Structure formats: structure tokens, C-alpha cells
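Undergrad: Let me see the structure of the following:
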Amino acid sequence: MAMGHSLGGSIAILAGESNSHVVAYVALMSLVSGPRIKEDPEWKADGKVTFYRDVPPGDHHTTEQKQYDLPYSFFEDALKHDTQNASNYPPEEYALIAEPKQLIEIDSPHGYRYHQVIIHAVNAHIETFVMSLPPIDSRTAR
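TA: Purely as a prediction, here's the structure:
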């Protein structure tokens, strides 16, 4: 199983589509292409763009930040692979996403980690989905 949030969710989608060993995946808020990704000459020249995130536990803003460098190849890959959130997919494209799949929409900000009620709702949906999967020994690689 592959699971991820945001960029990690998009990677989970791509892994689920392209790796026969991934028999299920969970992608949370996996919007990585479309209007949020724009070609940026400075990003291309630098070869990366830098982001900063709160350090664990991540349930509140911290003054200490972790630096993440996103390579320009991410933008190039986003142009090749449309991993828009499934709710934005045209039905014919959503139908192409590998099974098992389940679309759950929760009214939440991207940084839902700051909201315990939303965390519990997300975790409950993930648990229900995972528990609905057949046992590993009865699954076959795609």
C-alpha cells in the first residue's frame, strides 16, 4: 500500500498506477497540477524551489522549520501526469484510477493537521478503507 498527503498523495497515485507491487493506495489532498503549478523561470534556473514546514508534532505552527527543496523536474512531471484530486476528475478519468478506490470529500484546509476533529475524521475514513481491503495473501498484483 502507498499512502501520502499532498505531494506524497500524488506520488501514491503515480505509484499505484505504475507499480504492480502497490495493491492499494490512499491519496490525501493530492492536487499537484493545474493552477497551483506554474512555470517559473527562477525555479527553472535554480533547479529547485524551497518550501518550509513546521517540525513535528505538526499540530501547531512552530518557529523551527524544516526546509524542503522541490526539484524543477517535479514541474516537468506534473505536466506529464495529471494527478488532480479525484473530485475534479472528469468521470471518465476517475474511472481509470486503479481499484480499490473510494472518494471521500471532507471540508478541510490543506493543513488539516492543526484540526484534531478533522484528523480523527480522516483517520477513520482511512481505517475503514484499509479494513475493507481483502487480506494481502488473497490479492494479486496488477
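
Undergrad: lowest-confidence helix or strand of the chain?
TA: helix 91-94 (a mean of 61; mean pLDDT, DSSP states H and E).

Undergrad: Please pull up the helix or strand immediately following that one.
TA: helix 116-132 (DSSP states H and E).

Undergrad: Can you give the contact residues for that following helix?
TA: 1, 3, 24, 26, 28, 59, 100, 102, 104, 106, 108, 112-113 (C-beta atoms under 8 Å, 6 or more residues apart in numbering). Heads up, the C-betas are built off the backbone N, CA and C, glycines and all.

Undergrad: 7 Å instead, please
TA: With contacts defined as C-beta atoms under 7 Å, 6 or more residues apart in numbering, helix 116-132 is touched by 26, 28, 102, 104, 106, 108, 112-113.

Undergrad: chain center to it: distance?
TA: 15 Å (C-alpha atoms, centre = their mean, to the nearest Å).

Undergrad: What's the mean pLDDT across it?
TA: Averaged across helix 116-132, pLDDT comes to 91.

Undergrad: And the helix or strand where E42 lies, what's buried?
TA: Using DSSP H and E, E42 maps to helix 41-46. Buried residues in helix 41-46, defined by neighbour count with 16 or more other C-beta atoms under 10 Å: W43.
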